[in-house]
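[1] The sequence and its predicted three-dimensional model are supplied below.
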Protein chains: 2
Amino acid sequence: MKDEQIEALAKILKSMSHPIRLKILCLLQNRELSVGDIRKQVETTNANISQHLNILRAQGIIDFRKEANFIYNRITDKRILEMIVKMQKLFCPDHKE
Amino acid sequence: MKDEQIEALAKILKSMSHPIRLKILCLLQNRELSVGDIRKQVETTNANISQHLNILRAQGIIDFRKEANFIYNRITDKRILEMIVKMQKLFCPDHKE
DNA sequence: CAGGAATTACAGTATTCACTAAAATAAGCA
DNA sequence: TGCTTATTTTAGTGAATACTGTAATTCCTG
(Lines give C-alpha, C1' and ligand atoms only; values in the text may rest on other atoms or scores of the structure.)
Protein backbone atom coordinates (compact mmCIF):
# COMPACT_ATOMS: atom_id res chain seq x y z
CA MET A 1 0.00 0.00 0.00
CA LYS A 2 1.54 3.24 -1.14
CA ASP A 3 2.04 6.22 1.14
CA GLU A 4 -0.30 8.35 -0.97
CA GLN A 5 -3.05 5.78 -0.63
CA ILE A 6 -2.48 5.63 3.09
CA GLU A 7 -2.70 9.40 3.36
CA ALA A 8 -5.93 9.44 1.39
CA LEU A 9 -7.46 6.61 3.38
CA ALA A 10 -6.43 8.23 6.65
CA LYS A 11 -8.35 11.33 5.62
CA ILE A 12 -11.45 9.32 4.89
CA LEU A 13 -11.21 7.49 8.21
CA LYS A 14 -10.69 10.78 9.99
CA SER A 15 -13.82 12.24 8.53
CA MET A 16 -15.75 9.15 9.64
CA SER A 17 -14.23 9.00 13.10
CA HIS A 18 -16.44 11.54 14.84
CA PRO A 19 -19.43 10.09 16.67
CA ILE A 20 -21.88 12.53 15.11
CA ARG A 21 -20.54 12.00 11.61
CA LEU A 22 -20.45 8.25 12.03
CA LYS A 23 -24.03 8.28 13.23
CA ILE A 24 -25.06 10.45 10.30
CA LEU A 25 -23.48 7.95 7.92
CA CYS A 26 -25.31 5.09 9.59
CA LEU A 27 -28.58 6.98 9.33
CA LEU A 28 -27.94 7.67 5.65
CA GLN A 29 -27.17 4.05 4.98
CA ASN A 30 -30.55 3.15 3.51
CA ARG A 31 -32.18 6.48 2.72
CA GLU A 32 -31.66 10.14 2.17
CA LEU A 33 -32.38 12.60 4.96
CA SER A 34 -32.60 16.33 5.49
CA VAL A 35 -30.74 18.22 8.18
CA GLY A 36 -33.94 18.37 10.18
CA ASP A 37 -34.49 14.62 9.88
CA ILE A 38 -30.99 13.99 11.15
CA ARG A 39 -31.45 16.54 13.87
CA LYS A 40 -34.29 14.48 15.30
CA GLN A 41 -31.96 11.57 15.92
CA VAL A 42 -28.78 13.35 16.90
CA GLU A 43 -28.68 15.56 19.96
CA THR A 44 -27.14 18.78 18.76
CA THR A 45 -28.02 21.92 16.83
CA ASN A 46 -28.89 22.16 13.17
CA ALA A 47 -25.86 24.37 12.63
CA ASN A 48 -23.60 21.76 14.08
CA ILE A 49 -25.06 19.04 11.89
CA SER A 50 -24.65 21.28 8.90
CA GLN A 51 -20.99 21.70 9.72
CA HIS A 52 -20.46 17.99 10.02
CA LEU A 53 -22.28 17.43 6.74
CA ASN A 54 -19.91 19.93 5.15
CA ILE A 55 -16.94 17.91 6.29
CA LEU A 56 -18.41 14.76 4.77
CA ARG A 57 -19.19 16.63 1.55
CA ALA A 58 -15.72 18.06 1.29
CA GLN A 59 -14.41 14.53 1.56
CA GLY A 60 -16.72 13.44 -1.26
CA ILE A 61 -18.49 10.91 0.92
CA ILE A 62 -21.97 12.38 0.67
CA ASP A 63 -23.91 14.41 -1.83
CA PHE A 64 -27.14 16.36 -1.62
CA ARG A 65 -30.28 17.15 -3.56
CA LYS A 66 -32.34 20.25 -3.12
CA GLU A 67 -36.11 20.14 -2.93
CA ALA A 68 -38.13 23.16 -1.85
CA ASN A 69 -36.25 24.46 1.12
CA PHE A 70 -35.10 21.06 2.23
CA ILE A 71 -31.79 19.53 1.39
CA TYR A 72 -31.70 15.77 1.17
CA ASN A 73 -28.36 14.13 1.82
CA ARG A 74 -27.19 10.75 0.69
CA ILE A 75 -24.04 8.68 0.59
CA THR A 76 -22.41 8.69 -2.85
CA ASP A 77 -19.29 6.67 -2.24
CA LYS A 78 -20.23 3.00 -2.47
CA ARG A 79 -17.00 2.05 -0.77
CA ILE A 80 -18.11 3.91 2.31
CA LEU A 81 -21.35 1.97 2.30
CA GLU A 82 -19.45 -1.28 2.08
CA MET A 83 -17.23 -0.24 4.96
CA ILE A 84 -20.20 0.61 7.14
CA VAL A 85 -21.77 -2.77 6.43
CA LYS A 86 -18.50 -4.49 7.25
CA MET A 87 -18.03 -2.53 10.45
CA GLN A 88 -21.53 -3.32 11.60
CA LYS A 89 -20.89 -7.01 11.07
CA LEU A 90 -17.58 -6.84 12.91
CA PHE A 91 -18.48 -4.60 15.81
CA CYS A 92 -22.21 -5.15 16.21
CA PRO A 93 -22.69 -8.86 15.67
CA ASP A 94 -26.28 -8.63 16.81
CA HIS A 95 -27.06 -6.11 14.11
CA LYS A 96 -30.14 -6.84 12.05
CA GLU A 97 -30.63 -5.72 8.49
CA MET B 1 -26.68 0.49 15.73
CA LYS B 2 -26.74 1.82 19.26
CA ASP B 3 -25.19 5.09 20.28
CA GLU B 4 -22.72 3.36 22.58
CA GLN B 5 -21.54 1.17 19.76
CA ILE B 6 -21.18 4.19 17.54
CA GLU B 7 -19.12 5.97 20.17
CA ALA B 8 -16.85 2.97 20.60
CA LEU B 9 -16.41 2.49 16.89
CA ALA B 10 -15.70 6.19 16.38
CA LYS B 11 -12.87 5.91 18.88
CA ILE B 12 -11.38 2.99 17.04
CA LEU B 13 -11.62 4.78 13.72
CA LYS B 14 -10.07 7.85 15.25
CA SER B 15 -7.09 5.92 16.47
CA MET B 16 -6.65 4.47 12.99
CA SER B 17 -7.13 7.73 11.14
CA HIS B 18 -3.65 9.15 11.49
CA PRO B 19 -1.35 8.47 8.52
CA ILE B 20 1.49 7.21 10.70
CA ARG B 21 -0.76 4.96 12.75
CA LEU B 22 -2.52 3.63 9.67
CA LYS B 23 0.82 2.85 8.08
CA ILE B 24 1.98 1.12 11.24
CA LEU B 25 -1.13 -1.04 11.18
CA CYS B 26 -0.53 -1.94 7.55
CA LEU B 27 3.07 -2.85 8.34
CA LEU B 28 1.94 -5.01 11.25
CA GLN B 29 -0.60 -6.79 9.10
CA ASN B 30 1.45 -9.90 8.49
CA ARG B 31 4.22 -9.76 11.10
CA GLU B 32 5.37 -8.28 14.34
CA LEU B 33 7.86 -5.42 14.33
CA SER B 34 9.93 -3.42 16.79
CA VAL B 35 9.93 0.35 17.03
CA GLY B 36 13.24 0.37 15.18
CA ASP B 37 11.83 -1.78 12.39
CA ILE B 38 8.89 0.55 11.98
CA ARG B 39 11.19 3.54 12.12
CA LYS B 40 12.96 2.32 8.99
CA GLN B 41 9.74 2.57 6.99
CA VAL B 42 8.15 5.64 8.52
CA GLU B 43 9.86 8.99 8.35
CA THR B 44 9.79 10.31 11.87
CA THR B 45 11.54 9.88 15.19
CA ASN B 46 11.50 6.79 17.39
CA ALA B 47 9.86 8.81 20.16
CA ASN B 48 7.06 9.79 17.84
CA ILE B 49 6.47 6.21 16.76
CA SER B 50 6.46 5.13 20.36
CA GLN B 51 3.76 7.66 21.14
CA HIS B 52 1.62 6.49 18.25
CA LEU B 53 2.08 2.88 19.36
CA ASN B 54 0.89 3.92 22.80
CA ILE B 55 -2.30 5.29 21.34
CA LEU B 56 -2.94 2.03 19.51
CA ARG B 57 -2.19 0.05 22.67
CA ALA B 58 -4.49 2.17 24.78
CA GLN B 59 -7.20 1.43 22.26
CA GLY B 60 -6.48 -2.30 22.57
CA ILE B 61 -5.68 -2.62 18.89
CA ILE B 62 -2.12 -3.82 19.28
CA ASP B 63 -0.17 -5.75 21.86
CA PHE B 64 3.55 -6.29 22.40
CA ARG B 65 6.05 -8.90 23.40
CA LYS B 66 9.37 -8.19 24.99
CA GLU B 67 12.53 -9.92 23.82
CA ALA B 68 15.96 -8.72 24.94
CA ASN B 69 15.77 -4.97 24.64
CA PHE B 70 13.45 -5.07 21.70
CA ILE B 71 9.71 -4.81 21.90
CA TYR B 72 7.79 -6.56 19.17
CA ASN B 73 4.37 -5.21 18.36
CA ARG B 74 1.52 -7.04 16.76
CA ILE B 75 -2.16 -6.53 16.04
CA THR B 76 -4.37 -8.33 18.52
CA ASP B 77 -7.81 -7.32 17.39
CA LYS B 78 -8.83 -9.59 14.52
CA ARG B 79 -11.58 -7.19 13.56
CA ILE B 80 -8.97 -4.55 12.84
CA LEU B 81 -7.15 -6.98 10.58
CA GLU B 82 -10.36 -7.68 8.72
CA MET B 83 -11.03 -3.99 8.31
CA ILE B 84 -7.56 -3.39 6.90
CA VAL B 85 -8.03 -6.21 4.41
CA LYS B 86 -11.40 -4.78 3.40
CA MET B 87 -10.08 -1.26 3.05
CA GLN B 88 -7.21 -2.40 0.91
CA LYS B 89 -9.63 -4.16 -1.40
CA LEU B 90 -11.90 -1.14 -1.57
CA PHE B 91 -9.35 1.63 -1.86
CA CYS B 92 -6.36 -0.09 -3.44
CA PRO B 93 -7.85 -2.41 -6.03
CA ASP B 94 -4.40 -3.12 -7.43
CA HIS B 95 -3.19 -4.38 -4.09
CA LYS B 96 -1.42 -7.76 -4.18
CA GLU B 97 -1.35 -10.17 -1.29
C1' DC C 1 29.49 -2.90 37.18
C1' DA C 2 30.16 0.33 32.95
C1' DG C 3 28.69 1.39 28.22
C1' DG C 4 25.47 1.45 24.79
C1' DA C 5 21.22 0.43 22.26
C1' DA C 6 16.11 0.45 22.37
C1' DT C 7 12.29 2.33 24.19
C1' DT C 8 9.51 5.29 27.00
C1' DA C 9 8.15 9.44 29.67
C1' DC C 10 7.94 14.21 30.17
C1' DA C 11 7.45 19.14 28.97
C1' DG C 12 6.56 22.85 25.60
C1' DT C 13 4.61 24.77 21.58
C1' DA C 14 1.95 25.07 17.44
C1' DT C 15 -1.77 23.42 14.99
C1' DT C 16 -6.17 21.56 14.40
C1' DC C 17 -10.88 20.59 15.94
C1' DA C 18 -15.50 21.07 17.93
C1' DC C 19 -19.02 23.60 19.57
C1' DT C 20 -21.79 27.95 20.38
C1' DA C 21 -24.11 31.94 19.06
C1' DA C 22 -25.40 35.15 15.82
C1' DA C 23 -25.95 36.74 11.18
C1' DA C 24 -26.85 35.56 6.33
C1' DT C 25 -29.03 33.04 2.54
C1' DA C 26 -32.80 30.64 0.25
C1' DA C 27 -37.39 29.18 -0.63
C1' DG C 28 -42.28 28.64 0.23
C1' DC C 29 -46.56 30.98 1.55
C1' DA C 30 -49.98 34.49 3.17
C1' DT D 1 -43.77 42.16 -0.13
C1' DG D 2 -43.31 40.48 4.58
C1' DC D 3 -43.11 36.18 7.50
C1' DT D 4 -41.66 31.67 8.51
C1' DT D 5 -38.90 27.63 7.98
C1' DA D 6 -34.61 25.26 6.60
C1' DT D 7 -30.02 25.53 6.06
C1' DT D 8 -25.51 27.64 5.80
C1' DT D 9 -21.79 30.74 7.05
C1' DT D 10 -18.84 33.20 10.02
C1' DA D 11 -16.35 34.36 14.07
C1' DG D 12 -14.73 33.24 18.43
C1' DT D 13 -13.20 30.37 22.20
C1' DG D 14 -11.67 26.38 24.67
C1' DA D 15 -10.01 21.77 24.21
C1' DA D 16 -7.60 18.15 22.03
C1' DT D 17 -3.75 16.61 19.05
C1' DA D 18 0.82 16.17 17.06
C1' DC D 19 5.52 16.85 16.93
C1' DT D 20 10.20 18.17 18.97
C1' DG D 21 13.76 17.68 22.15
C1' DT D 22 15.49 15.96 26.21
C1' DA D 23 15.76 13.14 30.22
C1' DA D 24 14.85 8.69 32.21
C1' DT D 25 14.44 3.67 32.03
C1' DT D 26 15.48 -1.01 30.76
C1' DC D 27 18.32 -4.57 29.56
C1' DC D 28 21.97 -6.77 26.94
C1' DT D 29 27.08 -7.27 26.55
C1' DG D 30 31.61 -7.09 27.76
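    That came through fine.
[2] Identify each buried residue in stretch A:74-84, please.
    Under the neighbour-count criterion of 16 or more other Cβ atoms under 10 Å in any protein chain shown, stretch A:74-84 has A:I75, A:D77, A:I80, A:L81, A:M83, A:I84 buried. No exception for glycine: its C-beta is placed from N, CA and C like everyone else's.
[3] What sits closest to A:K66 if chain neighbours are left out?
    Of all residues not flanking A:K66 in the chain, A:Y72 sits nearest, at 7.8 Å (Cβ to Cβ, 6 or more residues apart in numbering or on different chains).
[4] Quick one: classify that neighbour as helix, strand or coil.
    Of the three states, A:Y72 takes strand under DSSP: H, G, I helix; E, B strand; the rest coil.
[5] do you know how far the residue most central in space within chain A is from chain B?
    Residue closest to the mean C-alpha point of chain A, counted by Cα atoms, centre = their mean, is A:L25 at 2.7 Å. Distance of A:L25 to chain B, computed by Cβ to the nearest Cβ, to the nearest Å: 10 Å.
[6] Just the element for that residue, please.
    According to DSSP states H and E, A:L25 maps onto helix A:19-27.
[7] Over to A:A47?
    helix A:46-58.
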